[in-house]
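Enquirer: heads up, no residue letters with this:
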């Protein structure tokens, strides 16, 4: 199993299932977006409402390896694959509750920008330290 630095347990919901009887692909993207932003807020101290810097998603991708359906429970792992001056690539793995069976893996790229100007802003201080803390060689 690939190493991830941060883990969350994610229960599926009844409404996540589609007409084909499995969790719809858009839910995988929602899980990735949620684990990233929860980590940024709770672990890296990002102030999404009033902070001078915000992260904008400029790229996302997901590869699907298996299906899940309600009431399955997922384990989602997060790590930083690349940490640049103004951008970061997050890598996310979604596994069955056993933590061994890979369901999907994907990535998001955030470019950090000044809230007002929307111009790229250097990742510094506590945020950079926190991101460096989950930067694992893949």
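Expert: Yes, it's here. All figures in this text were calculated on a predicted structure; none of them were measured in a lab.

Enquirer: Checking the residue lying farthest from the centre of the chain next. Helix, strand or coil?
Expert: The centre of the chain is farthest from one residue, residue 19, which by CA atoms, centre = their mean lies 26.1 Å away. Here residue 19 is recorded as coil under DSSP: H, G, I helix; E, B strand; the rest coil.

Enquirer: How many neighbouring residues does residue 20 have?
Expert: Residue 20: 9 surrounding residues under other CB atoms under 10 Å. Where you see a C-beta, it was placed from the backbone N, CA and C, and this is true even at glycine.

Enquirer: how far away is it from residue 93?
Expert: When distance is defined by CB to CB, to the nearest Å, residue 20 is 23 Å away from residue 93.

Enquirer: got the contact list for the longest helix seen in the chain?
Expert: Longest helix in the chain, counting residues (DSSP state H): helix 25-42. Here helix 25-42 makes contact (CB atoms under 8 Å, 6 or more residues apart in numbering) with 6, 8, 10, 12, 16, 46, 48, 55, 57, 60, 62, 64, 74, 76, 78, 90, 92, 94, 103-104, 106, 108, 110, 127, 134.

Enquirer: Each with direction, which strands does the next helix-or-strand element following that helix pair with?
Expert: Sequence-wise, the next helix or strand downstream of helix 25-42 (DSSP states H and E) is strand 53-64. When pairing is defined by DSSP bridges, strand 53-64 lines up against strand 102-114 (antiparallel).

Enquirer: Sweet, I'm off.
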